[in-house]
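**Q** sequence first, then the predicted structure:
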Amino acid sequence: MPIADPWFYLAALPAILIAGISKGGFGGGIALVAVPLLALVIPPAQAAAIMLPILILMDAIGVVAYRRLFDVAALRVMLPGAILGIALGGVAFDVLSAAALRLIIGAIALLFVASYAFGGGERRSARQPSAWLGALCGAVSGFTSTLAHAGSPPAQIYLLPLRLDKTVFVATSVIFFAAVNLLKLVPYALLGQLGATNLLTALVLAPLAALGMLLGIRLHGLVDPATFYRLCYVFVALTGLKLIYDGLT
């Protein structure tokens, strides 16, 4: 049976919609707030397990919407590292505390935004990051995504300075995390996180996931490129602050 607690669904409604809108229209910057919101009413590990099938459904909608628009070169750089990060994340799932992980990711996200804001902004972000940085960001993204579905800030550290067309940026993020989330099924299954209760609860929430993605895709077309990139950096900063707050509390 799926979860029956009405307080859970009160938290799930904004969590799933925010995640869908973020993934569908803005590269997923604030999608990671879903797990902390759900963790207010259920254990964090169960929140992450319920979110994984939902994220995969969102990814499927995103792949259909943004197919053939992604940057192949960026994916070639990031995906090999992500595979390694997912494997390491599966090993560390029961070892590294969620609080420590949130603090680390949050600090990285804020340092990245501070570098953009105080280090030349648009001019500096236009410099092409190196392939080794992309591989490292892919690995960190795979690792943090496995542990807490918090892989967006590390991925965006590499993707945002590429200054891709806004649609190509979102498409690349969608394809990258579609691959990452599918690969995460392996460690989650081995860790026993995909039981009947979690899967049925995810199925109940599936319509919200689809609605959020469609809203995000619609909003994406209404935002001009300059505003889009500023919003992305704002989202990364907000998620960094949220993660640090969660880690401390």
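**A** Received the coordinates, thanks.

**Q** who's in contact with Leu55?
**A** By CB atoms under 8 Å, 6 or more residues apart in numbering, the residues touching Leu55 are 19, 23, 31, 149, 177, 181. The way it works is simple: take the backbone N, C-alpha and C, and place the C-beta from them, glycine included.

**Q** cutoff 10 Å now
**A** By CB atoms under 10 Å, 6 or more residues apart in numbering, the contact list for Leu55 reads 16, 19-20, 23, 28, 31, 34, 48, 145, 149, 177-178, 180-182, 184, 202, 209.

**Q** pLDDT weak spots in this structure?
**A** Filtered on pLDDT under 70, the chain yields the residue ranges 29, 98, 101, 105, 115-116, 118-127, 225, 228-229, 232.

**Q** what kind of secondary structure is Leu40 in?
**A** coil (DSSP: H, G, I helix; E, B strand; the rest coil).

**Q** and the helices in this protein?
**A** For the chain, helices defined by DSSP state H occupy the ranges 6-25, 34-38, 44-66, 72-92, 98-118, 122-125, 131-148, 152-159, 166-190, 196-220, 225-248.

**Q** buried ones in the last one?
**A** This points to helix 225-248. 228-229, 231-233, 235-237, 239-240, 242-244, 246-247 (16 or more other CB atoms under 10 Å).

**Q** what residue lies at the spatial centre of this protein?
**A** Centroid-nearest residue in the chain: Ser152, 4.0 Å away (criterion: CA atoms, centre = their mean).

**Q** please name the nearest non-neighbouring residue to it.
**A** Counting by CB to CB, 6 or more residues apart in numbering, Gly28 is the residue found nearest to Ser152 once chain neighbours are left out, at 4.5 Å.

**Q** and Asp5, by the same measure?
**A** Nearest residue to Asp5, sequence neighbours excluded (CB to CB, 6+ apart): Val41, at 6.7 Å.

**Q** phi and psi next, for the one you found.
**A** Dihedral pair for Val41: phi -120, psi -10, per degrees, to the nearest 10.

**Q** which residues does the closest residue to Ile42 other than its chain neighbours contact?
**A** Leaving aside its chain neighbours, Ile42 sits nearest to Phe8 (6.1 Å; criterion: CB to CB, 6+ apart). By CB under 10 Å, 6+ apart, the contact list for Phe8 reads 2, 15, 38, 40-42, 46-47, 50, 201, 205.

**Q** considering these, which possesses the most neighbours?
**A** Ile50 (30 neighbours; other CB atoms under 10 Å).

**Q** quick one: contacts for Ile50?
**A** Counting by CB under 10 Å, 6+ apart, Ile50 touches 2-3, 8, 12, 15-16, 34-35, 38, 42, 193-194, 197-202, 204-205.

**Q** do that again at 8 Å, thanks
**A** Applying CB under 8 Å, 6+ apart, we find Ile50 in contact with 38, 42, 198, 201-202, 205.

**Q** Thr249 - how many residues pack around it?
**A** Thr249 has 7 neighbouring residues, counting by other CB under 10 Å.

**Q** begin at 157 from here
**A** All right, first residue 157 from here; so that's Thr405.

**Q** quick one: it and Ile264, what's the gap?
**A** Taking CB to CB, to the nearest Å as the criterion, Thr405 is separated from Ile264 by 19 Å.

**Q** my guess is Gly403 contacts Ala304. True?
**A** No: Gly403 lies out of contact with Ala304 (CB atoms under 8 Å); the separation is 10.5 Å.
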